[in-house]
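[1] mind looking at a prediction? Sequence and model below.
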Amino acid sequence: MLGTTSYLPLSKNKINMKTILITGASNGIGKETALLFADKGWNVAATMRSRESLSIFGDNKNISTYLLDVKYRDSVKSCIDQVIEDYRRIDMIVNNAGIYTTNPLEIIPDEVIEDIIETNIKGVLYTTKIVLKHFRENRSGTIVNISSVAGRATFPFQSVYHASKWAVEGFSESLYYELEPMGIRVKVVEPGVVKTNLYESLSNLNFEEYPKEYQESFVKGYDSQLKTLKNGYSPKLDAKTVYKAVNSKSSKLRYPTDTTTKMAVFLTWLLPLSTFRRIIKRMNRL
């Protein structure tokens, strides 16, 4: 059952190395972050909800895999407790597990909305809350929340995904103030159009079932949107941004990754809202 946590045995505990726990590490940003930190000499606790993915890192001596679904609080707690038992401590967590969708709100199934809220919002809150006692007792620790350009600028037909990422942004900023006096750092990494399997399901949409109003608006810009998503940049860039954020001596909170994200954030600051909205409408053929 998905809520159950399962672990692979460790060959030995490398207690002199720093330890990072990553959620959603079976592919994309999470996988590349696990590989990068392992290469940099960290102990990596790579977590994922698919039992079939537990062997994806092969015999990488610095990576151990754990079965974890962030939607289940008991699973999160059991996993974190096990990682602390295995490595004696956790120095950093990366809240990366996430679900993406783009569709008119009226079309999105209720179960998809619930899954996004449970994973993208509650999962981040559960994982962070449960690890905080450990960080507080050690007077140190770093929390990296993977947000998105969708947490800084809005686009049509992504309302549910935007809701989840704006929640992550607000949560992270509030927590930044809350935890800084205890020596616990909070960082937000903001990817743009990264090439991950989050977008694979979008090619299977059946537009014939859509009301005609959405066929005239959503479908019109869909092909160009899908092409943009398919031509996204490598998640290795995001992994490098996570590593940069963790090693920075700066008190900086937000780390946009690619040029597109940086430009979008800059334009939302520079332009009047009405002008920015006209640009978004033109981009989406509305």
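    Now that the structure is in, tell me what you want to look at. Numbers count the residues shown, from 1 in each chain.

[2] now for Tyr233, how many residues are close by?
    Using other Cβ atoms under 10 Å, the number of residues around Tyr233 comes to 16. Bear in mind the C-beta positions are built from the backbone N, C-alpha and C, glycine included.

[3] could you pull out the helices for the stretch 151-286 of the chain?
    159-179, 212-230, 236-247, 259-270, 273-283 (DSSP state H, counting those that start in this stretch).

[4] then the stretch 1-150 of the chain?
    28-39, 73-87, 110-116, 123-138.

[5] would you list these in a markdown table and tack on mean neighbour count, distance to Leu270 and mean pLDDT?
    Shown next, in a markdown table, are the helices of the stretch 1-150 of the chain (neighbours: other Cβ atoms under 10 Å; distance: least, Cβ to Cβ, whole Å; pLDDT from 0 to 100):
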| stretch | mean neighbour count | distance to Leu270 | mean pLDDT |
| --- | --- | --- | --- |
| helix 28-39 | 23 | 28 | 98 |
| helix 73-87 | 19 | 40 | 97 |
| helix 110-116 | 13 | 30 | 97 |
| helix 123-138 | 19 | 30 | 98 |
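
[6] could the ones you listed go into JSON lines alongside distance to Phe57?
    JSON lines is the format used below for these (distance: least, Cβ to Cβ, whole Å):
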{"stretch": "helix 28-39", "distance to Phe57": "7"}
{"stretch": "helix 73-87", "distance to Phe57": "15"}
{"stretch": "helix 110-116", "distance to Phe57": "26"}
{"stretch": "helix 123-138", "distance to Phe57": "20"}
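
[7] mind checking which of those helices is nearest Phe157?
    helix 110-116 (13.5 Å; Cβ to Cβ).

[8] same for that closest one, what does it pack against?
    helix 159-179 (3 or more Cβ pairs under 8 Å, 6 or more residues apart in numbering; DSSP states H and E).

[9] next, the buried residues of the helix it packs on.
    159-169, 171-172, 175-176, 179 (16 or more other Cβ atoms under 10 Å).

[10] stretch 137-155 now?
    Applying 16+ other Cβ under 10 Å to stretch 137-155 flags 141-155 as buried.

[11] and it, C-alpha only, in CSV?
    Extracted C-alpha coordinates of stretch 137-155, given in CSV (Å, rounded to 0.1, in the frame of the first residue of the first chain):
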residue,chain,number,x,y,z
GLU,A,137,17.7,20.4,18.5
ASN,A,138,20.8,20.6,16.3
ARG,A,139,20.5,24.3,15.9
SER,A,140,21.1,23.8,12.2
GLY,A,141,19.6,22.5,9.0
THR,A,142,18.6,23.6,5.5
ILE,A,143,15.1,23.4,3.9
VAL,A,144,15.0,23.7,0.1
ASN,A,145,11.5,24.0,-1.3
ILE,A,146,11.2,23.4,-5.1
SER,A,147,8.7,26.0,-6.3
SER,A,148,8.3,27.2,-9.9
VAL,A,149,8.1,30.2,-12.1
ALA,A,150,4.4,29.4,-11.6
GLY,A,151,4.8,30.6,-8.0
ARG,A,152,5.9,34.1,-9.2
ALA,A,153,4.0,34.7,-12.4
THR,A,154,0.6,33.4,-13.5
PHE,A,155,-0.5,31.9,-16.8
